[in-house]
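Enquirer: Pasting a predicted model and its sequence here:
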Amino acid sequence: MDKILLVDDVKMLREIQKGLLSSSPVEVLTAGDGREALSIIRKEFPNLVVMDNHMPNMDGVICCREIKADPLLRHIPVIMVTNAVKHADREEYLAAGADDWLSKPIDGKLFLSTLKKHLPAIECREPRVPLSVEVGVTAADGFHTGKSQDISLKGILITSSFQPSPDDELRLEFVLPGSAAATVVRGRVARVGNKKADGKSGMTCDFGVEFIEFIGKGIPFIRRSELEAYVTLHNAGDLSATAAPVVGA
């Protein structure tokens, strides 16, 4: 199995990147700085390194130079991940031998497509996992309820007696299994299925909603992190989707 080394001094950012790779048949290794990364690289010989620049002990540029100066390691592609937007900074990474670069904050789709250029085993399709919870749906005409069928980091599939139109903007509210607070998102209807008969609810339809923004009470970033953890762990078979009550409008 191919190996990818993720290097960042912020554990949460490493876990987010690791979550994006959950559908890819790769072994993910992690390091918190350049010095630790070099030690792992010389032991494990990963197929790809994705590395932050500004880290303690040894930064990404110095680590990249060390990798590319070693005849046994220089073949390993290195992708630099950075906050820098200046052309001179990007030139510095390329001069150090970096094969590619990504800007923070990480865009999941771009992250995967960039990695796939250097490692074909990367799976770019967004992982979707089963989720059966009640969902509060606020539309222009009022409040409705539905039940989720599956979910990803980018969107959710819902079955409801309510039938929206494509491109409608909705406010969704649901509770992930194991979460103490509701996840509230603003989303756009990406697709709408045909209505079908349901013995209990009459006529229902399935519709997919693409997430636009995490909103609501609390810290939206925490709610997104909970979703990332749920999708990652359930995709690996470590969680089961259990019903949670619908929350109010």
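Expert: Good, I have the coordinates.
Enquirer: all contacts plus neighbour counts: C-alpha atoms, from now on.
Expert: Will do.
Enquirer: Remind me which helix or strand G208 belongs to.
Expert: Taking DSSP states H and E as the definition, one finds G208 inside strand 202-215.
Enquirer: and what of E15?
Expert: helix 11-20.
Enquirer: Show me this protein divided up by domain.
Expert: The chain breaks down into these structural domains: 2-118, 129-235 (assignment by automatic domain parsing).
Enquirer: Just the mean pLDDT for the shortest one, thanks.
Expert: The average pLDDT within domain 129-235 is 89.
Enquirer: cool, the longest one as well?
Expert: This predicted structure assigns domain 2-118 an average pLDDT of 92.
Enquirer: one step back: what residues sit buried inside the helix holding E15?
Expert: Under the neighbour-count criterion of 16 or more other CA atoms under 10 Å, helix 11-20 has L13, R14, E15, I16, Q17, K18, G19, L20 buried.
Enquirer: Distance from that helix to the middle of the chain?
Expert: 8 Å (CA atoms, centre = their mean, to the nearest Å).
Enquirer: so what secondary structure elements neighbour it?
Expert: strand 2-7, helix 220-235 (3 or more CA pairs under 8 Å, 6 or more residues apart in numbering; DSSP states H and E).
Enquirer: Let me know which of the ones you listed is tucked in deepest.
Expert: strand 2-7 (a mean of 22; mean count of other CA atoms under 10 Å).
Enquirer: related to what we said a few turns ago, just the buried residues of helix 11-20 now: which is nearest M1?
Expert: K18 (15.8 Å; CA to CA).
Enquirer: Not counting residues beside it along the chain, what's closest to that closest one?
Expert: V28 (6.9 Å; CA to CA, 6 or more residues apart in numbering).
Enquirer: I'd say the one you found and L20 touch.
Expert: No. Taking CA atoms under 8 Å as the definition, V28 is not a contact partner of L20, at 10.9 Å.
Enquirer: Tell me, how many residues neighbour the spatially closest residue to H54 that is not a sequence neighbour?
Expert: Distances taken as CA to CA, 6+ apart place G60 nearest to H54, at 6.5 Å, with adjacent residues excluded. By the criterion of other CA atoms under 10 Å, G60 has 29 neighbours.
Enquirer: so who does G60 touch?
Expert: D33, G34, M51, D52, N53, H54, M80 (CA atoms under 8 Å, 6 or more residues apart in numbering).
Enquirer: Show me just the buried residues among those residues.
Expert: Buried among these by 16+ other CA under 10 Å: D33, G34, M51, D52, N53, H54, M80.
Enquirer: Now render the residues you listed as JSON lines, adding secondary structure and distance to S165.
Expert: Formatted as JSON lines, those follow (DSSP: H, G, I helix; E, B strand; the rest coil; distance: CA to CA, whole Å):
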{"residue": "D33", "secondary structure": "coil", "distance to S165": "48"}
{"residue": "G34", "secondary structure": "helix", "distance to S165": "50"}
{"residue": "M51", "secondary structure": "strand", "distance to S165": "42"}
{"residue": "D52", "secondary structure": "strand", "distance to S165": "42"}
{"residue": "N53", "secondary structure": "coil", "distance to S165": "45"}
{"residue": "H54", "secondary structure": "coil", "distance to S165": "46"}
{"residue": "M80", "secondary structure": "strand", "distance to S165": "41"}
